[in-house]
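Peer 1: build me a model:
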Amino acid sequence: MFHHVVLMQLSGADTDFHRKTAELIDQLRAELPFVRSYAFVKNMARRSSGYEWAMISSFDNSQDHDRYQVSDIHRRLQEFMRPYIDQMVVCDADV
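Peer 2: Numbering: from 1, shown residues only. Here you go, the predicted structure:
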């Protein structure tokens, strides 16, 4: 299983941001059946160093992850979220 985790520090992420993000994620799940799981969640770790939000996704393999990276819906989600992201850290792992 291939996992893609993005930890984020956000600013200005109000209820409209979270509503629109949820809508785009619903579209992503509908359009990309090879994405096994996809969640945008509050980071509950006390040692988060300010990375309060996480996007966690799973794929059968790295090739499916690569397909996801270049998909139109992923790019739309990135474009929407980009102005709200102050910093981010990415972890890709094949487990």
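Peer 1: which residues of this structure fall in helices?
Peer 2: 15-31, 62-69, 72-81 (DSSP state H).
Peer 1: buried residues of the second one, list them for me.
Peer 2: What it means is helix 62-69. 64-65, 68 (16 or more other C-beta atoms under 10 Å). No exception for glycine: its C-beta is placed from N, CA and C like everyone else's.
Peer 1: so for it, what's the average pLDDT?
Peer 2: Over the span of helix 62-69, the pLDDT mean works out to 98.
Peer 1: residue contacts, the most centrally placed residue in the chain?
Peer 2: Centroid-nearest residue in the chain: M55, 3.2 Å away (criterion: C-alpha atoms, centre = their mean). Applying C-beta atoms under 8 Å, 6 or more residues apart in numbering to M55 gives the contacts 4-6, 8, 38-40.
Peer 1: which among the residues you listed gets closest to A22?
Peer 2: F40 (7.4 Å; C-beta to C-beta).
Peer 1: switch the helices of the chain over to TSV; also include distance to V90.
Peer 2: Output for the helices of the chain, formatted as TSV (distance: least, C-beta to C-beta, whole Å):
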stretch	distance to V90
helix 15-31	17
helix 62-69	11
helix 72-81	12
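Peer 1: out of those helices, which comes closest to V95?
Peer 2: That would be, of those and by C-beta to C-beta, helix 62-69, which comes in at 11.4 Å.
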